[in-house]
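Visitor: have a look at this fold, sequence not included:
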């Protein structure tokens, strides 16, 4: 493997994680799809006066998930939904169908994605890339009330 032509890194900084602040975010979904949570998470970071540390998101469900994905082209979210549906289709003989044909596929889609995310906070802001957003992914066809635990650990102003 060839060495990279150019590397740069900022000087390391240290803070004491003197604060742990938590909040419960409730989201009403409208069925299958992506809900952008970025603004709400950024608001939480501002409200707790976060300076340096990390925010963790944890969804308290097994048929919805969290992801960080592109926020510029909506076609990305459509294609991701298509891919998940191909990986875990409905009506293929799943044994667990207590709540309908989308029940087991929703659990598989959650397993393939994430139930928690960790986002660094630098200088009081989420350290997301230019084209990144934080999404709740609803895998069930009917609307649901979803709960996400937000927790900041780090230094505050």
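Guide: Yep, that arrived. All of these numbers come straight from a predicted model, not from anything done at the bench. Numbering: from 1, shown residues only.

Visitor: so residue 58 belongs to a strand, correct?
Guide: Yes - using DSSP: H, G, I helix; E, B strand; the rest coil, the assignment for residue 58 is a strand.

Visitor: who are the neighbours in contact with residue 141?
Guide: By Cβ atoms under 8 Å, 6 or more residues apart in numbering, residue 141 lies in contact with 31-32, 100, 102. Bear in mind the C-beta positions are built from the backbone N, C-alpha and C, glycine included.

Visitor: name the nearest residue to it, ignoring sequence neighbours.
Guide: The spatial neighbour of residue 141 that comes closest, neighbours along the chain excluded (Cβ to Cβ, 6 or more residues apart in numbering), is residue 102 at 4.9 Å.

Visitor: pretty sure that neighbour contacts residue 138?
Guide: No - assessed by Cβ atoms under 8 Å, residue 102 is found out of contact with residue 138, at 10.4 Å.

Visitor: between the two, which contacts overlap?
Guide: residue 32.

Visitor: now do the strands in the chain.
Guide: 19-28, 33-36, 50-59, 64-70, 116-122, 125-126, 132-138, 145-156 (DSSP state E).

Visitor: make CSV from those and add mean pLDDT, mean neighbour count and distance to residue 89 to it.
Guide: Formatted as CSV, those follow (pLDDT from 0 to 100; neighbours: other Cβ atoms under 10 Å; distance: least, Cβ to Cβ, whole Å):
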stretch, mean pLDDT, mean neighbour count, distance to residue 89
strand 19-28, 97, 13, 26
strand 33-36, 98, 16, 17
strand 50-59, 97, 20, 23
strand 64-70, 98, 19, 17
strand 116-122, 98, 16, 26
strand 125-126, 98, 16, 34
strand 132-138, 98, 22, 17
strand 145-156, 97, 18, 23
